[in-house]
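I would like to see how this sequence folds:
(one chain, ligands or ions: 1)
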Amino acid sequence: MNRRYRKTIIAGNWKMNKTLTETKAFAEELKPMLGKPKWCDVVLCVPAVNLQAAIRLFKDSRVSIGAETCHYESSGAYTGEIAPEMLKDLGVKYVIIGHSERRQYYNETDVTVNKKVKAALEAGLRPIVCVGESLEQRDMGVTLEFITYQVKCALAGVGADKMRHVVFAYEPIWAIGTGRTATAEQAAEVCETIRTVIRKLYGARVARTVTIQYGGSMNPKNAAELLSQPDIDGGLIGGASLKPEQFVEIVNAANQD
Ligand code: 13P
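Numbers count the residues shown, from 1 in each chain. I've put the predicted structure just below:
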């Protein structure tokens, strides 16, 4: 973390979990435990059907609400899809773009990720752009090249003035939902590479303002060590964000004085 130049952001990604009833119960449990963290922003990215309720439930708290994906067009014949403008109008602040599960199961490509990043920014949302290598790519020694490629694709045509709204999440695919975490050194190396790519594209002043998260089995036990790395400015948390007490512990690790 480097709080001098950029915000630390702890974000939950609920994926396809929690009904409306469970969302209400979670909010009631989380809010008194969370209090008002001073040093980090807290975000919950929830299933689309629960967005409106989540916004209402967390209105009087420090928690911002995010969506888990969006379309790149602002309206049209795209049955089942949700436009960034619809999210913005509800009061949604963040949207996850290019999560590896979307890339793997729903044909998300570097091209659609780029279109979605631009559309989200245009609508006034903050994209949380996910990048990450497979185990095969790590074993072949091409991780940094692959991440560089993904980051460049995601940012093609994004103006420097928009960059302070962009968040990156480094999520090694082999660490998602597996209980296997990247070591702090592995995560730091990739997050530093992401910042270097941004620096080359936009200059040092822009690069130091961008929040870069780590995601992949982040939990209350490993959060503090990962967050102690200078280029890791938060977490994108799956499983542990479904349990209020675990999520709060991770927020607390990011919120140390
Ligand atoms: P887990 O924390 O369950 O590994 O999920 C990480 C993730 O995919 C967050 O987007």
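
kindly report the residues of this structure close to the ligand.
13, 99, 171, 176-177, 215-218, 236-240 (C-beta under 6 Å from any ligand atom). (C-beta placed from N, C-alpha, C; glycine too.)

from those, which would you call buried?
Buried residues within those, counting neighbours by 16 or more other C-beta atoms under 10 Å: 13, 99, 171, 176, 215-218, 236-240.

show me the residues of the chain next to the ligand that map onto helices.
With DSSP state H as the criterion, helices contain none of the residues of the chain next to the ligand.

which one is the closest residue to the ligand within the chain nearest to, not counting chain neighbours?
Distance from the ligand to each residue of the chain (C-beta to the nearest ligand atom) is smallest for Gly238, at 2.3 Å. Once flanking residues are discounted, Gly238 sits nearest to Asn13: 5.3 Å by C-beta to C-beta, 6 or more residues apart in numbering.

would you mind measuring from the one you found to Ser74?
24 Å (C-beta to C-beta, to the nearest Å).

kindly report the same for Ala223.
In terms of C-beta to C-beta, Ala223 sits 37 Å off from Ser74.

and what of Leu90?
14 Å.

higher neighbour count, those two?
Leu90 (15 against 12; other C-beta atoms under 10 Å).

just list the residues touching the more buried one, thanks.
Leu51, Gln52, Ile55 (C-beta atoms under 8 Å, 6 or more residues apart in numbering).

repeat that for 6 Å
Leu51, Gln52 (C-beta atoms under 6 Å, 6 or more residues apart in numbering).

burial count for the residue lying closest to Val49 once chain neighbours are set aside?
Excluding its sequence neighbours, the residue lying closest to Val49 (C-beta to C-beta, 6+ apart) is Leu20, at 7.1 Å. Neighbours of Leu20 under the rule other C-beta under 10 Å: 13.

same question for Lys115.
So Lys115, with other C-beta under 10 Å, has 17 neighbours.

ok, it touching Tyr72?
Yes. Using C-beta atoms under 6 Å, Lys115 is in contact with Tyr72, at 3.7 Å.
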